[in-house]
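Novice: missing the sequence, but the structure's below:
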């Protein structure tokens, strides 16, 4: 790997280019008490990033603005504001086509507005990293936490990871580049978190040293030519095979799509190594399992503690990556479970649907509780739903104001 | 995901799956794969050499990463590929026709391509049908483009595909090496030389 030869040298801001495995696993960490937005800034400070393109939309605006400070401090090669989310994502593509390590952030309606770009990024094999600080997307307007937008990202061909905590966020931003820039993967990563719950609350996060950074991106390892205007994928609309009507042009396009999803599959091996598995399991032998992603995992842990007081043992499965989907891991983790509870911060229950499609005896899955539109999910609600599901009488939190 | 799927010569299907989606995993450094199974590199070297020696039209498809001398490594690899081709040519019987067909770039060649003289990811099956190529090796082709071609070839032809990849390898080839260097290509040429005369030539 060419970039390995740069280990030990200094980058433009004087940071020492460090072996990423050593930086993430062996370097001394120092605790800080930061918001999720500040943590994004600190991760990007160490990511040796070339370009960040910003556009304001709550709740990611603060992180985008903080990265502007990094640019002023010399840690980012270029930084500017796009004209809209659609423009931002198109500009990210241009920068990545040109061989830059690219970072951006978005949220809610911004994600939806830019959506056309995401399958394009994946099809063009651009390893752009996009933070998605999830919020409501529907009318009437809501800026509050809601994870519905993740479901729209699942079939774009992007890698989709769902962070639970600010610590996840910090580590996964840096590790994300290492996975998504592998030549056999080389796909964009949507690193999602639950807006406000993670971005605007403070938590203790252990940071790697600020004078260390990742090796730079090496565009010469890309699986497609870098910025060749004559060849697909840059040559999009002149007369590539997509514009032709014959068997081989359709077959080539089909093969292209399959190759994108093959690359998602290949990311599995790298993500397992960097994230220490695609899922995390606590008490795998429990008959009742809470399977969830994002901050619903944290609420699940609290519910687990509440139920333990009542003598009910509950296990937790934290799903870290949604693409690649940890199919085999979930099947294994749930094989002994009699009741699988899937709490979610969205109205449709997309995670429960994915789990139902993955495991045998899918009627073991209880899709809920669901909250959305910014509602919190008190652990008591999860605990009460589990008890209700088991036929145990439970107190309801409804009507607390009466 | 465990897999029973084997990456074998086709014609496999109207639209064959990507081998990665069927659970085939790429080898780690020092390894290779044969038909989707991870093996040590020498085992794959022997299989690749035997394929070249037993094919009617053993063919190397060098891609743009080795056709243009954009760095010293590329130039060295090109010399090694030429050597491999010459070795195959010298090692096969007169009834066999070794070929070296370039893939100079990936520009769409519509409305026409001359499949006698070049291969293109958009027309890999045409080139192979037209030249009756029954064993080929991709080398110096960008990974994405190589995978497109390898899969289309597997879908529609009986050609035995091999890949000498400078990165992580190709599940969609029947035999795949990773981390290709000029030395590794020379080693393959040594295997061809070593097995010369011990492999039965194809029957008409």
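Specialist: Happy to help now that I have it. Remember, it's a predicted structure, so these values are computed and weren't measured experimentally.

Novice: Give me the residue at the spatial middle of the chain.
Specialist: Going with chain A. Centroid check for chain A by C-alpha atoms, centre = their mean gives residue A:191 as the closest residue, at 2.2 Å.

Novice: sorry, should have said chain B
Specialist: Centroid-nearest residue in chain B: residue B:137, 1.7 Å away (criterion: C-alpha atoms, centre = their mean).

Novice: any idea how far that one is from residue A:30?
Specialist: Separation of residue B:137 from residue A:30 (C-beta to C-beta, to the nearest Å): 51 Å. Backbone N, C-alpha and C define where each C-beta goes, glycine included.

Novice: Over to residue A:270?
Specialist: Taking C-beta to C-beta, one finds residue A:270 at 27 Å from residue A:30.

Novice: higher neighbour count, the two?
Specialist: residue A:270 (20 against 11; other C-beta atoms under 10 Å in any protein chain shown).

Novice: and the longest helix for the chain?
Specialist: This is for chain A. As assigned by DSSP state H, the longest helix anywhere in chain A is helix A:247-275.

Novice: Wait, chain B was what I had in mind.
Specialist: Per DSSP H, chain B has its longest helix at helix B:72-91.

Novice: Let me see the residues that make contact with the next helix or strand after that one.
Specialist: Heading C-terminal from helix B:72-91, the first helix or strand you meet, by DSSP states H and E, is strand B:99-100. By C-beta atoms under 8 Å, 6 or more residues apart in numbering or on different chains, the residues outside strand B:99-100 that reach it are B:57, B:58, B:59, B:60, B:62, B:81, B:82, B:85, B:131, B:133.

Novice: any idea which of those is closest to chain A?
Specialist: Ranked by distance to chain A (C-beta to the nearest C-beta), the contacts of strand B:99-100 are led by residue B:62 at 15.3 Å.

Novice: Return the distance of residue B:69 relative to residue B:118.
Specialist: 19 Å.

Novice: more crowded one of these two?
Specialist: residue B:118 (16 against 12).

Novice: Skipping its backbone neighbours, what lies nearest the more buried one in space?
Specialist: Distances taken as C-beta to C-beta, 6 or more residues apart in numbering or on different chains put residue B:102 closest to residue B:118, at 5.8 Å, once the chain neighbours are dropped.

Novice: what's the neighbour count on the one you found?
Specialist: For residue B:102, the count of nearby residues is 16 (other C-beta under 10 Å).

Novice: OK, contacts around it?
Specialist: B:61, B:62, B:63, B:67, B:118, B:119.

Novice: now residue A:80
Specialist: Counted by C-beta under 8 Å, 6+ apart, residue A:80 has contacts A:53, A:54.

Novice: distance of it from residue A:199?
Specialist: Relative to residue A:199, and taking C-beta to C-beta, residue A:80 is found at 22 Å.

Novice: Beyond the helix or strand bottoming out on mean pLDDT in chain B, next helix or strand please.
Specialist: Least confident helix or strand, chain B: helix B:124-131 with a mean of 85, by mean pLDDT, DSSP states H and E. Note on helix B:124-131: by DSSP H and E, the next helix or strand toward the C-terminus is strand B:135-139.

Novice: quick one, domains of chain A?
Specialist: Per automatic domain parsing, the structural domains of chain A span A:4-221, A:280-390.

Novice: As JSON lines, the ones you listed with mean pLDDT would be great.
Specialist: JSON lines is the format used below for those (pLDDT from 0 to 100):
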{"stretch": "domain A:4-221", "mean pLDDT": "96"}
{"stretch": "domain A:280-390", "mean pLDDT": "97"}
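
Novice: Out of the ones you listed, which is closest to residue B:188?
Specialist: Nearest of the domains of chain A to residue B:188, taken as C-beta to C-beta: domain A:4-221 at 21.4 Å.

Novice: Name the nearest residue to residue A:82, ignoring sequence neighbours.
Specialist: For residue A:82, the spatially nearest residue (C-beta to C-beta, 6+ apart) is residue A:88, at 3.5 Å.

Novice: If anything else comes up later, I'll come back, but that's it for now.
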